[in-house]
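Novice: Following is a predicted model, sequence given first.
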Amino acid sequence: MVSVARRDVDTAGLQSRGLRMGIGAALLLLAVAAEHGFKSLDVSTFYFLAVIAIIYVPPWETVPGVGRYARATIAMIIAFTYPFVWDKLFTVPIFGAFPSVPTGVVMLVFIMMAVGLNIVVGYAGLLDLGYVAFYAIGAYVAAWFASVQFAHVNVHFGAVGVGQNVPGFHISVWLLLIAAGFLTAMVGVVIGLPTLRLRGDYLAIVTLGFGEILPQIARNSDNFFGTGFNLTNGPNGITPIDAPGFFGVNYLTGSGTFWTSERLFYWTGLLLLLFTIFCSVRLRDSRLGRAWIAIREDETAAAAMGVPLMRTKTWAYASGAFFGGIAGAYYASFKSATFPGDFFFNISVFILCMVILGGMGNIWGVIFGAAFLSYLDQEGLADSGSWISTHLHLNFNVPEYESGIFGVILLVVMLFRPEGLIPSTRRAAEFHEGVSDEPLYDVRHGGA
Amino acid sequence: MVTEASRQPLAGGTGYRPSVTSIVGLSLVALLLAWLGVNFYKTPADFIQIFLIGFTLGALYALIALGYTLVYGILELINFAHGDVFMLGSMMAVTVVGTTLFNLHQGEAWYVLWPLVIVALLICMAFCGGLNVTVELIAYRRLRHAPRLAPLITAIGASFILQNIGLAWKGPNYVQTASVLPTGTVFSTHGVEYTWEKLIVLIVTTPVLLILVWLVQRTRQGKAMRAVAQDTDAAAMMGINVNRTISFTFLIAGALAGVAGLLYALYAGSVRFDQGFQLGLIAFTAAVFGGIGNLPGAVLGAVLIGLIQAFNEGLNWHAPGSDWTQSIVFTLLILILVFRPEGLLGERTPEGG
């Protein structure tokens, strides 16, 4: 049985001395090896000191009153001011410049999804290999109700910057985000109810099945089950999708030089992410969250203590799906397009990889893992690939082998540090001391 | 408990009453048979032709499905990487068949060609067997006592790595196989043509399956496999080398994937790096369909899945078509896992029976 004082749960990773030393050494190396030194000393130094302040000033908590908010405040200042400074920061060796703001938006979306998946995989311990299905549903909700897809109707409600005579549904994207979240959560419940009584690996396969079926339906539904009804526009996808907006400012065009399109998308994404993190943390510490962890550690014992297994698992599924749906809808609106080809099994594994690399169950670890991997996906691999081909003269197309690289990450992390880079102490103990892994309803031995 | 009501056994037991599930299931099967009947009545020759295609596909799937079921029987692990081992096997087959030795003897008499094919087969079997053993050694062995999800995740990782090895080896496009097998028909009656390539798949598959049954049921090593599958600790206490037995199981599973790889490369004519994932999942569905861990079940399930796929893609009257094959197979998988997870042939471990 694992017993750890509760307040240790989330910051435990950062308190590990070795890890801090490691991050410190990495940062130092980075600063020393920065290819052209610090481009603009003031900004870079400030960021550098801020990051160090988050990690290396342990007695923040002892400062009375504001102390416990200090870390979060510094982190938020860094995140919110990022669009002003990203091009003024120093250059990282091999990887090049820091991610641009549009890349930042994509990173934020993927962090949201990873935090959502973390509820299912990290908290409740249910392996979900079809998370991309929720992302797809969210994206298609945005696509249906904020585009010209259904041109035979003309419904406008709160959309900013769309002419009144443009056909199709044009509902405000803000409402669609909420709608996508709830619809996806409902789909999660519908998928979950029959399947969640399966044991772990069977559940993984069933979710994988759903994750493969839904995109295929999307691909084939330009002629919806032979009825001639064009539901999804098939492989051509639905594009363009309305951008969100408020006070008459459309996100697509922005307003002036300060409120540019990419900055608006970035800050909104950041707010959505903060909402997700807040919900995730509060859920974890709630009665429900403790029930999830209990199920993860020992299903039989949890059931004996009166935790309703099915209901608790279904809630985990629904909450995870909720954030996946919101992220999907927001991403579709940002990209202004959705294609069935976006929803491959790779994406499910990609998001799973983020959760595992960062540390299952620890939200800060997951955020780190997701930020790093989605950066690699968007810019890092291409940049490091071009560095390799110019400096090492190797004809090696790095982005082409992306899934293989993620495969290596999955393998190496699971073999050598199964609790992830920044683990929660509790999860680490489970991996090292073992848990009671025998499920209560083992389909092979029959329940009744 | 919530699930008690839906966990009624589908057959047997005392006081058997048909549950809603089984009534719905049986009526679906009846609908399916009716659909097949109408199709047969409308175009009998096509129907039989498609049946033969499906049966051949099923034989191929059986070879892959057995790999899943063998490994599952002994480790209770879904070996995600198996489909990609099969894919690399088919790439090996393309390479071997494309060598000069083969080119020299293309279209040669059967007594020259067949030994060459058998050599190619042995090369593919050894290659895939070795590969599968390596995967086990690297990705699964350390995690034998870890939580159940850990090896599943490394299996996915291994699958992606192997897929990228295939990509690096043969590039992103389809690779054509040199055609070495005899073409033409074995017999042809009433518009039904049975081609050589189909027969050859069966000619190769049948003895392989028989050898497998002999290996598992009659040899000492097979007895060790069955013992480890039943109870690893007890088997170890009886002096069985568990690690070696598990490696041996992976070797056999890989060899079967190698056979399937060669046959697929020759039968389908082209291979690509991402075929393993799709076909692997279909074969896994077959293994679950028949009852995972059950050798005859895997073959039965594979043949049924092959037939379902062929009928779906080939028949004229109200067939969904190849766009939907994947969805149909996965729907079937989900339905089986949810309503009859022990599969068609029920719970039996690879010791067979």
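Specialist: It's in. Just so it is clear, the structure is predicted and the values come from calculations on it, not from any experiment.

Novice: okay, CA-based contacts and neighbour counts for the rest of this
Specialist: Fine.

Novice: quick one: contacts for whichever residue of the stretch 101-250 of chain B sits closest to chain A?
Specialist: Proximity of the stretch 101-250 of chain B to chain A (C-alpha to the nearest C-alpha) peaks at B:Gly157, 3.8 Å away. B:Gly157 sits next to A:Gly404, A:Phe406, A:Gly407, A:Val408, A:Ile409, A:Leu410, A:Leu411 when contact means C-alpha atoms under 8 Å, 6 or more residues apart in numbering or on different chains.

Novice: Need the three-state assignment for the last one.
Specialist: Classification of A:Leu411 by DSSP: H, G, I helix; E, B strand; the rest coil places it in helix.

Novice: Keep the contacts of B:Gly157, but drop any that are not near chain B.
Specialist: For chain B, the contacts drawn from these by C-alpha under 8 Å from any C-alpha of the partner chain are A:Gly404, A:Phe406, A:Gly407, A:Val408, A:Ile409, A:Leu410, A:Leu411.

Novice: which residues in the stretch 151-300 of chain B form strands?
Specialist: For the stretch 151-300 of chain B, the strands defined by DSSP state E, counting those that start in this stretch cover B:175-176, B:185-189, B:192-195, B:270-271.

Novice: and the helix or strand harbouring B:Leu26, average pLDDT?
Specialist: In this structure, B:Leu26 is located in helix B:20-42 according to DSSP states H and E. The pLDDT scores in helix B:20-42 average 81.

Novice: got a list of contacts for it?
Specialist: Contacts of helix B:20-42 (C-alpha under 8 Å, 6+ apart): B:Leu10, B:Phe47, B:Leu315, B:Asn316, B:Trp317, B:Phe339.

Novice: Show me which of these are buried.
Specialist: B:Phe47, B:Leu315, B:Phe339 (16 or more other C-alpha atoms under 10 Å in any protein chain shown).

Novice: Excluding chain neighbours, what is closest to the last one?
Specialist: Beyond its immediate neighbours in the sequence, the residue positioned closest to B:Phe339 (C-alpha to C-alpha, 6 or more residues apart in numbering or on different chains) is B:Thr21, lying 7.4 Å away.

Novice: Kindly provide the distance from the one you found to chain A.
Specialist: Applying C-alpha to the nearest C-alpha, to the nearest Å, the value for B:Thr21 to chain A is 12 Å.

Novice: Report the next helix or strand after the worst-scoring helix or strand of chain B on mean pLDDT in sequence order.
Specialist: Every helix and strand in chain B was compared by mean pLDDT, DSSP states H and E; the lowest is helix B:100-104, with a mean of 69. Once helix B:100-104 ends, the next helix or strand along the chain (criterion: DSSP H and E) is helix B:110-135.

Novice: Packing partners of that following helix?
Specialist: helix B:82-97, helix B:242-268 (3 or more C-alpha pairs under 8 Å, 6 or more residues apart in numbering or on different chains; DSSP states H and E).

Novice: Mind putting the strands of the stretch 151-300 of chain B into CSV with mean pLDDT?
Specialist: Formatted as CSV, the strands of the stretch 151-300 of chain B follow (pLDDT from 0 to 100):
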stretch, mean pLDDT
strand B:175-176, 84
strand B:185-189, 73
strand B:192-195, 75
strand B:270-271, 87
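
Novice: quick one: low-confidence parts of chain B?
Specialist: B:1-18, B:103-108, B:346-353 (pLDDT under 70).

Novice: Near chain A, which residues of the stretch 51-200 of chain B? Just list them.
Specialist: Within the stretch 51-200 of chain B, the positions lying close to chain A (C-alpha under 8 Å from any C-alpha) are B:78, B:139, B:142-143, B:146-150, B:152-164.

Novice: Tell me how many other residues crowd A:Gly24.
Specialist: Using other C-alpha atoms under 10 Å in any protein chain shown, A:Gly24 has 16 other residues around it.

Novice: what kind of secondary structure is it in?
Specialist: Recorded secondary structure, A:Gly24: helix (three-state DSSP).

Novice: Export stretch B:151-159 to PDB, keeping only CA atoms.
Specialist: Provided in PDB are the C-alpha atoms of stretch B:151-159 (Å, rounded to 0.1, in the frame of the first residue of the first chain):
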ATOM      1  CA  PRO B 151       4.200  -3.300 -21.300                       C
ATOM      2  CA  LEU B 152       1.200  -2.300 -23.300                       C
ATOM      3  CA  ILE B 153       2.700   1.200 -23.700                       C
ATOM      4  CA  THR B 154       6.100  -0.100 -24.600                       C
ATOM      5  CA  ALA B 155       4.400  -2.400 -27.100                       C
ATOM      6  CA  ILE B 156       3.000   0.700 -28.800                       C
ATOM      7  CA  GLY B 157       6.400   2.300 -28.700                       C
ATOM      8  CA  ALA B 158       8.000  -0.700 -30.200                       C
ATOM      9  CA  SER B 159       5.400  -0.800 -32.900                       C
END
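
Novice: Would you verify that A:Val408 is located in a strand?
Specialist: No: under three-state DSSP, A:Val408 sits outside any strand and is assigned helix.

Novice: pLDDT weak spots in chain A?
Specialist: A:1-22, A:25, A:27-50, A:52-68, A:88, A:90-93, A:225-226, A:228, A:434-448.

Novice: Tell me how it divides into domains.
Specialist: According to automatic domain parsing, chain A comprises the domains A:9-93, A:97-433.

Novice: so of these, which one's packed in deepest?
Specialist: domain A:97-433 (a mean of 21; mean count of other C-alpha atoms under 10 Å in any protein chain shown).

Novice: on that earlier part again, want to throw the strands of the stretch 151-300 of chain B into JSON lines with mean neighbour count?
Specialist: Output for the strands of the stretch 151-300 of chain B, formatted as JSON lines (neighbours: other C-alpha atoms under 10 Å in any protein chain shown):
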{"stretch": "strand B:175-176", "mean neighbour count": "16"}
{"stretch": "strand B:185-189", "mean neighbour count": "11"}
{"stretch": "strand B:192-195", "mean neighbour count": "17"}
{"stretch": "strand B:270-271", "mean neighbour count": "20"}
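
Novice: Mind putting those into JSON lines with distance to B:Leu262?
Specialist: Conversion of these to JSON lines gives the following (distance: least, C-alpha to C-alpha, whole Å):
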{"stretch": "strand B:175-176", "distance to B:Leu262": "13"}
{"stretch": "strand B:185-189", "distance to B:Leu262": "21"}
{"stretch": "strand B:192-195", "distance to B:Leu262": "18"}
{"stretch": "strand B:270-271", "distance to B:Leu262": "10"}
